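A.B. asks: here's my sequence, what's the structure:
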Amino acid sequence: MKTLIINIKELLQVRDASILKVSGDAMAVLPTIKNAYLVIENGLISDFGSMEDVPGDINPEKCIDVDGKMVLPAWCDSHTHIVYAGNREQEFVDRINGLSYEEIANRGGGILNSAKKLNETSEEELYNQSKVRLEEIMRLGTGAVEVKSGYGLTLEGELKILRVIKRLSKNYPITIKATFLGAHAIPLEYSTNRKGYIDLIIDQMLPEIAKNKLADFIDVFCETGYFTATETEQIMEAGIRFGLKPKIHVNQFNSIGGIQAGIKYNALSVDHLEVMNPEDIEALKNTDTMPVALPSCSYFLGISYTPAREMMEKGLPLALATDFNPGSTPSGNMNFVVSTACIKMKMTPEEAINAATINGAYAMGISETHGSITIGKKANFIITKPITSYYQLPYAFGSNLIDMVFIEGKFIV
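C.D. replies: Presented below is the predicted three-dimensional model:
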């Protein structure tokens, strides 16, 4: 099946195949072609260019005229927790009434609350709840997503989540990467035996996950009250032994050495980064580790935003992701993330789009196949409604400016 899309007002994020990420000043550059065409064939991008150069021998089975509309790569959301049970609406109200995220967690809420609900929910029901969220983010333009476990905190609970992620990946065209986050919190029953729970992760959970090929990455919540930098290193090292590449939660509330630990073990990404000191930024320079900001988490919790400008001025790359989860970001809307990054983090539209596409793909290890308009990459893209410029995407933060979404060349919505 060959499809030709013509009269594209502007084709965004046109890249050579050799570009896997962009950093520093290069993040401000978004290559585009005005008045463009795009050809998709067998689920891949096979050609594109200016309308005046459209080959006469394309012979498409389908032609779509998108006059006045723009085309850009589908969003690449490299940090979510969308497989969870129920919700935490009451904690939302508790925060309005003055309780902090940490205070709620200390009284049995937060991650432990979600773990209790998940372990009481059947695998079938968990799948049915999670697929609704997955379908929603696809309609919102996300074409690749990383999904973490971490709301089980038991052997069976973590395996249940990862099996659901695998089933979603099988049943939907969207690319899904699975991350094992058993080290999300210390369960209540191990509150006086931290080593016992870490041993459970390393000696029981990891072998089962590896045997059943349920995860691509391993993650740790390296934060005061959760896991120390030393414990994070121990868990990352074990994950690497079982073939899982590290991606870690760091610097959400405190800087406790997690970034340095992640770099030491060549983590693919370090995520959150709301609290950054000069040493943390310096440590990330000239590494292969992608910093990932989660601005809708900052918005929802009312905490600091990742210092994007300072990081990019130091030459660093940056990716954007949603952190879609029941406690701190009950939204998977990457369009809102891009807008919030511009409004609250002072990223330019070019920087934010780069961060949500090509750099997001890098943070999942899929930048050879996703994240840009490149011949041979998957035909994952958004067709906007008629807009004046791509600046309107972050500017009109409350409007749905998506007309159509294609994932692997298939019309989704």
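
A.B. asks: from here on, contacts and neighbour counts on C-alpha atoms
C.D. replies: Fine.

A.B. asks: helices of the stretch 1-150 of the chain, start to end?
C.D. replies: 89-96, 101-106, 111-119, 123-139 (DSSP state H, counting those that start in this stretch).

A.B. asks: mean pLDDT, distance to E146 and mean neighbour count added to those, as TSV?
C.D. replies: Output for the helices of the stretch 1-150 of the chain, formatted as TSV (pLDDT from 0 to 100; distance: least, CA to CA, whole Å; neighbours: other CA atoms under 10 Å):
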stretch	mean pLDDT	distance to E146	mean neighbour count
helix 89-96	92	24	14
helix 101-106	83	24	15
helix 111-119	92	19	21
helix 123-139	98	11	17
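
A.B. asks: so can I have JSON lines of those showing distance to H370?
C.D. replies: Shown next, in JSON lines, are the helices of the stretch 1-150 of the chain (distance: least, CA to CA, whole Å):
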{"stretch": "helix 89-96", "distance to H370": "34"}
{"stretch": "helix 101-106", "distance to H370": "35"}
{"stretch": "helix 111-119", "distance to H370": "31"}
{"stretch": "helix 123-139", "distance to H370": "15"}
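
A.B. asks: please name whichever of the ones you listed is nearest to Y151.
C.D. replies: Closest to Y151 of these is helix 111-119 (CA to CA; 4.4 Å).

A.B. asks: between that closest one and helix 89-96, how big is the angle?
C.D. replies: 170 degrees (axes from the mean of the first three to the mean of the last three CA atoms, to 10 degrees).

A.B. asks: separation between L38 and A361?
C.D. replies: Between L38 and A361 the distance is 21 Å, computed by CA to CA, to the nearest Å.

A.B. asks: look at the two and report which has more neighbours.
C.D. replies: A361 (29 against 24; other CA atoms under 10 Å).

A.B. asks: how is that one assigned, secondary-structure-wise?
C.D. replies: helix (DSSP: H, G, I helix; E, B strand; the rest coil).

A.B. asks: ok, now which ones touch it?
C.D. replies: A361 makes contacts with C76, D77, S78, A144, S367, H370, G371, as judged by CA atoms under 8 Å, 6 or more residues apart in numbering.

A.B. asks: quick check: closest non-adjacent residue to it.
C.D. replies: S367 (4.7 Å; CA to CA, 6 or more residues apart in numbering).

A.B. asks: tell me which element that neighbour is part of?
C.D. replies: Taking DSSP states H and E as the definition, S367 sits outside all helices and strands.

A.B. asks: numbering from 44 from now on, please.
C.D. replies: Sure thing, new numbering starts at 44, so read that last one as S410.

A.B. asks: got the contact list for it?
C.D. replies: L63, K64, I401, N402, A404 are the contacts of S410 under CA under 8 Å, 6+ apart.

A.B. asks: pLDDT score assigned to the last one?
C.D. replies: Read that as A404. According to the prediction, A404 has pLDDT 98.

A.B. asks: now P216
C.D. replies: 96.

A.B. asks: give the contact list for T427.
C.D. replies: Contacts of T427 by CA under 8 Å, 6+ apart are K112, M113, V114, L444, I445, D446, M447.

A.B. asks: returning to what we had before: quick one: which of the helices of the stretch 44-193 of the chain is nearest I302?
C.D. replies: helix 144-149 (21.0 Å).

A.B. asks: now for the closest one, which elements pack on it?
C.D. replies: Under the contact definition 3 or more CA pairs under 8 Å, 6 or more residues apart in numbering; DSSP states H and E, helix 144-149 sits against helix 132-139.

A.B. asks: rewinding a little: pLDDT and neighbour count added to the contacts of T427, as CSV?
C.D. replies: Shown next, in CSV, are the contacts of T427 (pLDDT from 0 to 100; neighbours: other CA atoms under 10 Å):
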residue, pLDDT, neighbour count
K112, 98, 23
M113, 98, 26
V114, 98, 27
L444, 98, 20
I445, 98, 20
D446, 98, 17
M447, 98, 17
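
A.B. asks: inside strands: which ones of the residues you listed?
C.D. replies: Among those, the members falling in strands (DSSP state E) are M113, V114, I445, D446, M447.

A.B. asks: pretty sure the first one contacts L54?
C.D. replies: Pointing back at M113 there. Yes. Assessed by CA atoms under 8 Å, M113 is found in contact with L54 at 6.0 Å.

A.B. asks: picking up where we left off before, out of the contacts of A404, which is most surrounded?
C.D. replies: G414 (35 neighbours).

A.B. asks: so which of the contacts of A404 are in strands?
C.D. replies: Checking the contacts of A404 against DSSP E, those in strands are C119, D120, S121, A187.

A.B. asks: surely the first one meets A399?
C.D. replies: Yes. Counting by CA under 8 Å, a contact exists between C119 and A399, whose distance comes to 5.9 Å.

A.B. asks: which neighbours do these two have in common?
C.D. replies: A364.

A.B. asks: distance check, E168 against G129.
C.D. replies: From E168 to G129 the distance is 10 Å (CA to CA).
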